[in-house]
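**Q** Just the structure for this:
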Amino acid sequence: MHITEAIILAGGEGTRLKNAVPDLPKCMAPVNARPFISFVIDYLLSQKIERFIFALGKGHQIITQYLNTQYATLDRHCVIENEPLGTGGAIRLACRETTADSVLVVNGDSLFKIDVSNLSILHKASAADCSIALKPMANTGRYGKVKMNAEGKIESFEEKKNTESGLVNGGVYILNVPEFLKLPFAGNFSFEKEFLESGNHRISGLVQDEYFIDIGTPEDFEKVQLELRHPTLP
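**A** Purely as a prediction, here's the structure:
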């Protein structure tokens with residue numbers, strides 16, 4: 001199974017980055033004179049993604065204008081939240097624009113350079129409702145810890161209180177679209193809390209110790225300026 005479509009969640013406002021980027025959506029924060037989302041798009045293109053669905057919210061005009069200018073030939077569709085829908089509602093809205101049964105879902109304000117084909121293989125083999133790319137970290141406190149059994153099934157998600165090493169949710173998913181759209185969710189809901197952590201679905205995990213950055217804090221926003229100095233790095 002080759003994944004050809006991706007949803008990019010790009011509705012975040014970047015509250016903690018207001019001093020650095022006061023008038024921009026978080027994914028448009030400048031990294032070495034380029035909006036951060038460009039690194040996400042270029043990575044997905046390198047993974048042979050052919051069609052993009054951008055889930056947008058406040059400030060969507062800034063993002064669409066950038067895409068029209070810098071990615072004019074990209075096969076893309078934008079869905080816009082007229083009111084906050086949470087991560088779950090945004091994904092659900094975007095899923096209605098997909099053409100494939102399985103779609104890659106990523107965040108526009110983080111970059112996890114996994115091998116999408118490996119996650120796709122796991123997703124198909126496990127017949128999962130959703131498959132998650134997991135990142136090993138020395139300190140899981142900011143993200144919370146994910147527990148997985150020997151068969152690759154996610155057993156639990158722990159709150160963001162641990163400071164020990166372990167696996168964290170890297171925010172990259174392959175989602176079974178028809179099964180997700182059958183669920184009785186409506187309006188604003190959390191994909192993480194109400195879907196992934198509910199215990200009602202088949203969730204698989206794959207560990208990939210690849211480059212990961214989340215620009216959600218000023219410290220990581222400074223860090224990414226050094227780490228992504230060129231589109232091919234790291």
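**Q** Going by C-alpha atoms from here, please, whenever you check contacts or count neighbours.
**A** OK.
**Q** contact partners of stretch 147-167?
**A** Contacts with stretch 147-167, where a contact means CA atoms under 8 Å, 6 or more residues apart in numbering, come from 134-146, 197, 202-207.
**Q** thinking in terms of the whole chain, how far from its middle is it?
**A** Chain-centre distance of stretch 147-167: 18 Å, with CA atoms, centre = their mean, to the nearest Å.
**Q** Which ChimeraX command selects the buried ones in the contacts of stretch 147-167?
**A** The buried residues among these can be selected in ChimeraX (16 or more other CA atoms under 10 Å) with this line:
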select :134,135,136,137,139,140,141,143,144,145,146,197,203,204,205,206,207
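**Q** which ones among the contacts of stretch 147-167 are found in strands?
**A** Among those, DSSP state E puts 134-137, 146, 203-207 in strands.
**Q** Now for those: which two are most distant?
**A** 137 and 203 (20.4 Å; CA to CA).
**Q** Where does the residue of the chain most remote from its centre fall, secondary structure wise?
**A** Here the centre of the chain is the reference, and by CA atoms, centre = their mean the most remote residue is residue 150, at 24.8 Å. Under DSSP states H and E, no helix or strand contains residue 150.
**Q** and it, how far is that from residue 204?
**A** 11 Å (CA to CA, to the nearest Å).
**Q** circling back to that earlier point, could you measure the residue farthest from the centre of the chain against residue 118, distance?
**A** Using CA to CA, one gets 17 Å for the distance from residue 150 to residue 118.
**Q** Now do the strands in the protein.
**A** For the chain, the strands defined by DSSP E cover 5-10, 30-31, 34-35, 51-56, 76-80, 102-107, 110-112, 130-137, 146-148, 154-157, 166-176, 203-207, 212-214.
**Q** which residues make contact with the last one from outside it?
**A** Residues from elsewhere that reach strand 212-214 (CA under 8 Å, 6+ apart): 109-113, 135, 170, 220-221, 224.
**Q** returning to what we had before: residue 44 is nearest to which of the strands of the chain?
**A** Among the strands of the chain, strand 5-10 sits nearest to residue 44 (CA to CA), with 8.0 Å.
**Q** Now residue 133. Nearest residue, chain neighbours left out?
**A** The shortest distance from residue 133 to any non-neighbouring residue, by CA to CA, 6 or more residues apart in numbering, is to residue 206 (5.1 Å).
**Q** Can you name the residues that contact that neighbour?
**A** Counting by CA under 8 Å, 6+ apart, residue 206 has contacts 119, 122, 131-134, 152.
**Q** Would you check how far apart it and residue 32 are?
**A** Applying CA to CA, the value for residue 206 to residue 32 is 31 Å.
**Q** same deal with residue 226?
**A** Taking CA to CA, one finds residue 226 at 9 Å from residue 32.
**Q** Looking at the two, which one has more neighbours?
**A** For residue 226 versus residue 32, neighbours defined as other CA atoms under 10 Å are more numerous around residue 32 (15 against 11).
**Q** Just to check, that one is in contact with residue 222?
**A** No - between residue 32 and residue 222 there is no contact under CA atoms under 8 Å: 10.5 Å.
**Q** residues near the residue nearest to residue 116 when sequence neighbours are not counted, how many?
**A** Computed as CA to CA, 6+ apart, the closest residue to residue 116 that is not its neighbour in sequence is residue 47, at 6.4 Å. Close neighbours of residue 47, defined as other CA under 10 Å, add up to 16.
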